[in-house]
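S.K.: Sequence first, then the predicted structure, then my questions.
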Amino acid sequence: MNVLLIEDEMRVADFIRRGLKAEGWIVEHASDGETGLEIMQDRSFDVLILDLMLPGVSGQQVCQKMRARSNMTPVLMLTALDSTDERVAGLRLGADDYLAKPFDFDELIARVHALHRRNTGYASDEDVGKLQHEGLIYDSTAMVLTVDGEIIDLSAKERDLIAILMASKNKALSRERILNSVWGTHEDPMTNVVDVYIGRLRKKLGPYGHLITTVRGAGYRFG
C-alpha cells in the first residue's frame, strides 16, 4: 500500500512512519499542507493520513483543495480536537474517516485497511501492495523484489528505494524527495547516498537496470 502522511509533529510522524513501514507499506511524509499538496500533484496514493492542525494550510484546507482537483484518495484525518463539530466539518470537506489523538496504532492500521478496501472494491490481499513493471515485481507486503521470477536480495534502504521509484513510475523524483522519503529529513542534504544506492540498485536489477534513468538537474525516474 502506498500512503502519504501529512503531519507536522515529527515525533508523531516518525512513530507512524516506522509502524507503517513495518507493515510493509510505502510511506511518503510531508510536514506541512502545502508540501503535501505538491506531492499529490506528482504521485498517486492509496490512502492519505492527514493531520487536522497543520501550520499554514490546515488539514481541512488540504482536503478541500484536493477534492476540488478531483483527487478522490481516501483521507483519514488525525485530530487532537475530538469534537462533533470538527468531525462534521472535516467530513463535509471530503475526509472519509477520523481518528482522535492519542490513538492506538492497531486502530490506525485497521482504519487505513478499511479505507483502502472500500476504495478498491475489496481487492484480494494478493493484489494489495504489489508494484509491477515488465519483469519486475515488488511485493511490499512480503518485502520481496523479483526479477523475471528470481528473488533479489535487497537491504532495507534498497527496498524502500525501489518501492518509491516504482510507485512513481514515469515521474521524475528529486534527490531531496528520495532522501527525505527513504532516509528521513535528518539526513545531510549534501550527501551522495542517493546516487550510491541508485548505482547499487541498477546493478541488482540486471537487464532492467536501465529503467532507472538520470534526469539531468532533477533526479531520477523509473520506467
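M.R.: Sure, I can see it.

S.K.: If you count neighbours, what's buried in the longest helix along the chain?
M.R.: The residue-count maximum for a helix in the chain (DSSP state H) belongs to helix 105-120. For helix 105-120, the neighbour count (16 or more other Cβ atoms under 10 Å) marks 108, 111-112, 115-116 as buried. Backbone N, C-alpha and C define where each C-beta goes, glycine included.

S.K.: before we move on, what about stretch 37-47?
M.R.: Buried residues in stretch 37-47, counted by 16+ other Cβ under 10 Å: 37, 39-40, 43, 45-47.

S.K.: before we move on, what about stretch 167-180?
M.R.: Quick answer for stretch 167-180 (16+ other Cβ under 10 Å): 167-168, 172-173, 175, 177-180.

S.K.: Could you list which of the residues you listed belong to helices?
M.R.: Among the buried residues of stretch 167-180, the residues falling in helices (DSSP H) are 167, 175, 177-180.

S.K.: Could you export those residues to CSV, including columns for distance to Ala218?
M.R.: Output for those, formatted as CSV (distance: Cβ to Cβ, whole Å):
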residue, distance to Ala218
Ala167, 17
Arg175, 8
Arg177, 10
Ile178, 11
Leu179, 14
Asn180, 15
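
S.K.: what helix or strand does Ala13 sit in?
M.R.: Using DSSP states H and E, Ala13 sits in helix 10-22.

S.K.: how far off helix 105-120 does that helix point, in degrees?
M.R.: For helix 10-22 against helix 105-120, the angle by axes from the mean of the first three to the mean of the last three Cα atoms, to 10 degrees is 60 degrees.

S.K.: how about helix 10-22: buried residues?
M.R.: Residues of helix 10-22 classed as buried by neighbour count (16+ other Cβ under 10 Å): 12-13, 16-17, 20-21.

S.K.: show me where the chain has strands.
M.R.: Secondary structure of the chain (DSSP state E): strands at 2-6, 26-30, 47-51, 75-79, 97-100, 130-133, 136-139, 144-147, 150-152, 172-174, 212-215, 219-222.

S.K.: Give me whichever of these is most buried.
M.R.: strand 47-51 (a mean of 26; mean count of other Cβ atoms under 10 Å).

S.K.: In the sheet, which strands lie alongside that strand, parallel or antiparallel?
M.R.: Partners of strand 47-51 in the sheet, by DSSP bridges, are strand 2-6 (parallel), strand 75-79 (parallel).
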